[in-house]
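A.B. asks: Mind folding the following:
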Amino acid sequence: MSRFGDATELRRLGDGRYTVDLDGDFGFAKALNGGYVMAVLGRAAVDASEHAHPVSTAATFLRTVQAGPAEVIVDVRKTGATTTSARVTLVQDDRPVTEALITTATLDAAAEPTFSGARPVPDLPPPGDCLDFADGPGDELKGFASCVDLRFDPAAMGWLSGAPSGRPEMRAWFRLRDPHEPDPFVLAFAVDALPPVAFNAGADGWCPTVELTWYLRALPAPGTLQVHSGGRLVADGWFDEETEIWDSAGRLVAQSRQIARLGR
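C.D. replies: Alright, predicted model coming up:
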C-alpha cells in the first residue's frame, strides 16, 4: 500500500468497530490534520456500508486528535437503496475526539453534469512558479511535507513574509508524494490540507477547526488537484472557510465549508 493507504488503514474488531494507528506526519505539532482524520472516518463508514463513496461528511472536532492508536465506532442510522447514513466516532483514551455524520452512496465515474453553475477552473501559476511547501520554515512542517506536495500561489502567501493580503484566501496545487492517485479519501484530506485562510487576514498561530462539512461531487481523475479556499467573515475570534477542489480534467470534485477559531 501507499503511505496514505497505510496511514488510513483500519483493522476490524467486530461489527462497526475498528482500530487504526494514526500517523503523526499527517499533522503538525499540536494536532493531526482534520482532513486526514475525516479520511479515516470515511473509510470506516464505507466499510460498514453497502455503498462505495462518502458523499457527505459533517465532522465536529471535540478534542485534539493525537498520533497513535485510536478506535473508530460506526453506528449505522439508516440504510437505503441509494444511501446509508451513519454516526462515526473516533475515540482516544476512552473519550470521543471527533464525531461525524457520514452519508455514503455509489457515484458513477462516467456521469456528466446536467447543469453546472460552477465557475471555470480558477487560474493558478504553473507548479514550477509556485512556492513549495517543503521549503517552509519550521521543523514541524517537515513530516507533513514528506506526505504531501503542495505548491502555493505566491499571490496568496504574503503572510509568510509579514505582509498578508488582507483577504482570507489560499490557493495551491495538491498531490500526495507517494504513488496514490486521488480518490474520495484523498479529497477528504485535501479539503483541509492548506493553511488557514485567516492567515491572510492577519491571524497567527494554531487555528483549530470546530466543525467541517464536505461533499464529494465527482470521482476525481488521476493527476494533480487544484485547491482553492476563501472566507467571508473574520470576527470575534472566529472565521469561516470555503474550499473547492478541481481535478486534472477540470471538474469540480469536492466542496467544503468549516467554522474555526482564530489562532492564539
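A.B. asks: can you map out the strands along the stretch 1-150 of the chain?
C.D. replies: Per DSSP state E, counting those that start in this stretch, the stretch 1-150 of the chain carries strands over the ranges 11-14, 17-22, 53-61, 68-79, 84-92, 95-105, 131-132, 148-152.
A.B. asks: Which elements pack onto the first one?
C.D. replies: It stands for strand 11-14. In this structure, strand 11-14 makes packing contacts with strand 17-22, judged by 3 or more C-beta pairs under 8 Å, 6 or more residues apart in numbering; DSSP states H and E. Any C-beta I mention is one placed from the backbone N, CA and C, and that applies to glycine too.
A.B. asks: Report all helices and strands that the strand it packs on contacts.
C.D. replies: When contacts are defined as 3+ C-beta pairs under 8 Å, 6+ apart, strand 17-22 packs onto strand 11-14, helix 34-47, strand 68-79.
A.B. asks: List the neighbouring strands of the shortest one plus their orientation.
C.D. replies: Going back to what we said before, that points to strand 11-14. Partner strands and pairing direction for strand 11-14 (DSSP bridges) are strand 17-22 (antiparallel).
A.B. asks: Of all the strands of the stretch 1-150 of the chain, which one is nearest residue 181?
C.D. replies: With C-beta to C-beta as the criterion, residue 181 lies closest to strand 148-152 of the strands of the stretch 1-150 of the chain, at 13.4 Å.
A.B. asks: Can I get that closest one in PDB, CA atoms only?
C.D. replies: What follows is strand 148-152, C-alpha atoms only, in PDB (Å, rounded to 0.1, in the frame of the first residue of the first chain):
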ATOM      1  CA  VAL A 148       2.000  15.900   0.600                       C
ATOM      2  CA  ASP A 149       3.400  18.000  -2.200                       C
ATOM      3  CA  LEU A 150       1.700  21.500  -2.000                       C
ATOM      4  CA  ARG A 151       2.700  24.300  -4.400                       C
ATOM      5  CA  PHE A 152       1.200  27.600  -3.400                       C
END
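A.B. asks: just the angle between it and helix 34-47, please?
C.D. replies: With axes from the mean of the first three to the mean of the last three C-alpha atoms, to 10 degrees defining the directions, strand 148-152 sits at 130 degrees from helix 34-47.
A.B. asks: Now tell me what touches strand 148-152 from outside.
C.D. replies: Outside of strand 148-152, the residues that reach it under the criterion C-beta atoms under 8 Å, 6 or more residues apart in numbering are 127, 130-134, 170-177, 189, 193-194.
A.B. asks: Generate a ChimeraX selection restricted to the buried entries among those residues.
C.D. replies: Here is the ChimeraX command that picks out the buried ones among those, judged by 16 or more other C-beta atoms under 10 Å:
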select :130,131,133,170,171,172,173,174,175,176,189,193,194
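A.B. asks: Quick check: helices, which of the contacts of strand 148-152 are part of them?
C.D. replies: Of the positions in the contacts of strand 148-152, residue 189 sit in helices, assigned by DSSP state H.
A.B. asks: Check whether residue 82 really touches residue 103, as I assumed.
C.D. replies: No - with the criterion set as C-beta atoms under 8 Å, residue 82 and residue 103 do not qualify as a contacting pair; they are 10.0 Å apart.
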